[in-house]
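*Asks:* Predicted model and sequence below, questions to follow.
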Amino acid sequence: MRRIGCVGEVGITKEEDYSNWGIQIKVKFRDANPLAILDAHVQSGGERSVATMLYLISMQDLTECPFRLVDEINQGMDPRNERMIFQEVVKASCRPGLPQYFLITPKLLSELTYTKDVTILCVINAPWLSPQWNPMASSLAVIEGGRGAVASQSQQSQSQQGRGYEEEDDEESD
């Protein structure tokens, strides 16, 4: 939270009955406000999404799992916070030794920065697709390291590399 100019604190709420213990997240997004419990009546949906994602990212090194999956976490965010959280996810998920990270969303901002370790799959399946696409098949965009194009599933299966786009010449490869 400090990196984005905010304050956050995580604590445990203890009750006499252990089954009622819980995690309490407190946040402060503005200098004039005190730390407040993360709550729908206090923070906006975008602020709650930002706090939740930063909490999940901070816990990443403390847990082991085969993959991580986040669904539509960016829906309440303004473009500034969405871009910032996406960059934090890329930084955190591309470190060595960590599992795959899946971010599922119906939208992504344009001109996001990716690393060579990021692959983005865009599944497009809607009745309003242009006539160049088979209306009965989904389309799939594959972007690796920020490069890529959209290809239909039939083009995907015909591709020798299974990517559906031509690799750009890389000056470092032979």
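*Replies:* Right, received. Where do you want to start?
*Asks:* now the helices: where do they sit in the protein?
*Replies:* Using DSSP state H, the helices of the chain run over 45-59, 79-93, 153-158.
*Asks:* Dump the ones you listed to JSON lines, plus distance to V123, mean neighbour count and mean pLDDT.
*Replies:* Yep, even glycine has a C-beta here, placed from its N, CA and C like the rest. Output for the helices of the chain, formatted as JSON lines (distance: least, CB to CB, whole Å; neighbours: other CB atoms under 10 Å; pLDDT from 0 to 100):
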{"stretch": "helix 45-59", "distance to V123": "22", "mean neighbour count": "18", "mean pLDDT": "89"}
{"stretch": "helix 79-93", "distance to V123": "18", "mean neighbour count": "17", "mean pLDDT": "88"}
{"stretch": "helix 153-158", "distance to V123": "9", "mean neighbour count": "14", "mean pLDDT": "41"}
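*Asks:* could you redo these as JSON lines and give each row distance to K26?
*Replies:* Below are the helices of the chain laid out as JSON lines (distance: least, CB to CB, whole Å):
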{"stretch": "helix 45-59", "distance to K26": "9"}
{"stretch": "helix 79-93", "distance to K26": "18"}
{"stretch": "helix 153-158", "distance to K26": "46"}
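*Asks:* per-residue pLDDT, Q160?
*Replies:* The per-residue pLDDT reported for Q160 equals 34.
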